[in-house]
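Engineer: sequence isn't available, so here's the structure alone:
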């Protein structure tokens, strides 16, 4: 729109790509289509230009203009209710999301349409529409999106009420509005849970600290979230009670002997309880048994004494076996002169190996007689 003053007249030129709302003394007087118009100069005539490329009528009086007979043939009126949103399409392309209220558009050669959506009845947004909405600038203002990763299941809540359907992995979007919609993703994969630092007392009144490791899996997500305020808290509680019961029935020595089997017993004790709230306990194991400082010292001393006694017993057994072997050898040599002679020769050979120079008088028998003589002198001394 071009407005120029010529003397006491005002010249208004309206282009073919626009329309102009003409006001006289503040009241709507008519719609100016393309062409040239002359008006008396002064503040009594005012104008509002609207482009046909973006034909929104945003003037403060649009509620009145919607009822104006002079404008009825030139505008489209859309009324969007409080529980609705308007989808604004330009040549079939989704361009905007419109809030509740009156929407007024000039008719244009470009195809503009508005489609209303009931966000109470259809609070969940179909995937096809979500894919088109994500390119709209107002997407984050009107839409809330949730993701359910692989290995999870989605639980849908509408106004904090758990819905029947379980959602497979994917992306889900909901209108922001009167209804509060959200999705909680529950992990269905096998998980590990640690029950750490449990201060317990054995049957023989020894205070110990245990760390328990448990493998579990959620098998019924709806039951897990609806039967307990927190299924992980319930699992932790049942594991604590089962662990306390098992440890209280064992002495410290029994605990250390059965440590590897204790995890299986705890898993068996908790498994049925966990199934009641949709959780499967796969396995459990005692990861650490920690004794108090003074008890650890005493326990190490006991083990050291036991090992020393075992070493002494083995040494005595070896000495007894060696003595028995010597006795058997002596009896064998006493009854077998030839064997005795071979033994003497073998001993002479070993002695000769350790002597650098040896003079022999009287043959080997002389050497043997000399050795026997030395042995008798040593024994008498």
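Structural biologist: Cool, got the structure. Just so you know, these numbers come straight off a predicted model, no measurement behind them. Residues are numbered from 1 along each chain as shown.

Engineer: helices and strands around the helix or strand encompassing residue 217, which ones?
Structural biologist: Secondary structure from DSSP states H and E places residue 217 in strand 207-218. Where contact means 3 or more C-beta pairs under 8 Å, 6 or more residues apart in numbering; DSSP states H and E, strand 207-218 is packed against strand 191-201, helix 231-248, helix 259-275, strand 279-290. Backbone N, C-alpha and C define where each C-beta goes, glycine included.

Engineer: redo that, cut-off 7 Å
Structural biologist: strand 191-201, helix 231-248, strand 279-290 (3 or more C-beta pairs under 7 Å, 6 or more residues apart in numbering; DSSP states H and E).

Engineer: a markdown table please, covering these and showing mean pLDDT.
Structural biologist: Shown next, in a markdown table, are the helices and strands packed on strand 207-218 (pLDDT from 0 to 100):
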| stretch | mean pLDDT |
| --- | --- |
| strand 191-201 | 85 |
| helix 231-248 | 91 |
| strand 279-290 | 88 |
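
Engineer: any chance of these in JSON lines, plus distance to residue 57?
Structural biologist: Output for the helices and strands packed on strand 207-218, formatted as JSON lines (distance: least, C-beta to C-beta, whole Å):
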{"stretch": "strand 191-201", "distance to residue 57": "58"}
{"stretch": "helix 231-248", "distance to residue 57": "56"}
{"stretch": "strand 279-290", "distance to residue 57": "60"}
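
Engineer: of the ones you listed, which is nearest residue 119?
Structural biologist: Of all the helices and strands packed on strand 207-218, helix 231-248 sits nearest to residue 119, with 32.6 Å by C-beta to C-beta.

Engineer: contacting residues around that closest one?
Structural biologist: 193, 195, 198, 200-203, 210, 212, 214, 216, 224-225, 228, 255, 262, 265-266, 269-270, 273-274, 277-279 (C-beta atoms under 7 Å, 6 or more residues apart in numbering).

Engineer: pull out the buried residues from the helix or strand following it.
Structural biologist: Next helix or strand after helix 231-248 toward the C-terminus (DSSP H and E): helix 252-257. Residues of helix 252-257 classed as buried: 252, 255 (neighbour count, 16 or more other C-beta atoms under 10 Å).

Engineer: mind putting the helices and strands packed on strand 207-218 into JSON lines with mean neighbour count?
Structural biologist: Formatted as JSON lines, the helices and strands packed on strand 207-218 follow (neighbours: other C-beta atoms under 10 Å):
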{"stretch": "strand 191-201", "mean neighbour count": "13"}
{"stretch": "helix 231-248", "mean neighbour count": "17"}
{"stretch": "strand 279-290", "mean neighbour count": "18"}
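
Engineer: out of these, nearest to residue 78?
Structural biologist: When those are compared (using C-beta to C-beta), the closest one is helix 231-248, at 48.2 Å.

Engineer: one step back: residues in contact with the strand holding residue 217?
Structural biologist: 186-188, 190-202, 224, 235, 239, 243, 274, 278-292.

Engineer: so which residues make contact with the following helix or strand past that strand?
Structural biologist: Downstream of strand 207-218, the next assigned helix or strand under DSSP H and E is helix 221-227. For helix 221-227, contacts defined as C-beta under 7 Å, 6+ apart pick out 153, 155, 162, 166, 186, 188, 218, 231, 277, 278, 279.

Engineer: got it, and stretch 59-71?
Structural biologist: With C-beta under 7 Å, 6+ apart as the test, stretch 59-71 has contacts from 21, 28, 30, 31, 48, 57, 77, 102, 104.

Engineer: mind checking which of those are in strands?
Structural biologist: Counting by DSSP state E, the contacts of stretch 59-71 place 21, 28, 30, 31, 48, 77, 102, 104 in strands.

Engineer: drop anything exposed from the contacts of helix 231-248.
Structural biologist: 193, 195, 198, 200, 202, 210, 212, 214, 216, 224-225, 228, 255, 262, 266, 269-270, 273-274, 277-279.

Engineer: name the element the closest residue to residue 157 other than its chain neighbours belongs to?
Structural biologist: Once flanking residues are discounted, residue 157 sits nearest to residue 182: 5.2 Å by C-beta to C-beta, 6 or more residues apart in numbering. In this structure, residue 182 is located in strand 181-187 according to DSSP H and E.

Engineer: likewise for residue 64?
Structural biologist: Counting by DSSP H and E, residue 64 is part of helix 62-65.

Engineer: give the buried residues for stretch 87-107.
Structural biologist: 87, 88, 89, 94, 96, 97, 98, 100, 103, 104, 105, 106.

Engineer: so what strands line up beside the host helix or strand of the fourth one?
Structural biologist: When elements are assigned from DSSP H and E, residue 94 belongs to strand 93-98. In the sheet containing strand 93-98, its partner strands are strand 84-90 (antiparallel), by DSSP bridges.

Engineer: and the ones in strands among the contacts of stretch 59-71, which are buried?
Structural biologist: 21, 28, 31, 77, 104.

Engineer: show me the contacts for the second one.
Structural biologist: Residue 28 is in contact with 21, 65, 68, counting by C-beta under 7 Å, 6+ apart.

Engineer: which of the residues you listed sits closest to residue 309?
Structural biologist: Looking across the contacts of residue 28 and measuring by C-beta to C-beta, the closest to residue 309 is residue 65, at 107.4 Å.

Engineer: where's the closest one relative to residue 174, distance?
Structural biologist: To residue 174, residue 65 is 35 Å away according to C-beta to C-beta, to the nearest Å.

Engineer: before we move on, what about residue 186?
Structural biologist: Taking C-beta to C-beta, one finds residue 186 at 18 Å from residue 174.

Engineer: next SSE after the helix or strand encompassing residue 132?
Structural biologist: Per DSSP H and E, residue 132 falls inside helix 127-133. Next helix or strand after helix 127-133 toward the C-terminus (DSSP H and E): helix 139-142.

Engineer: sweet, I'm off.
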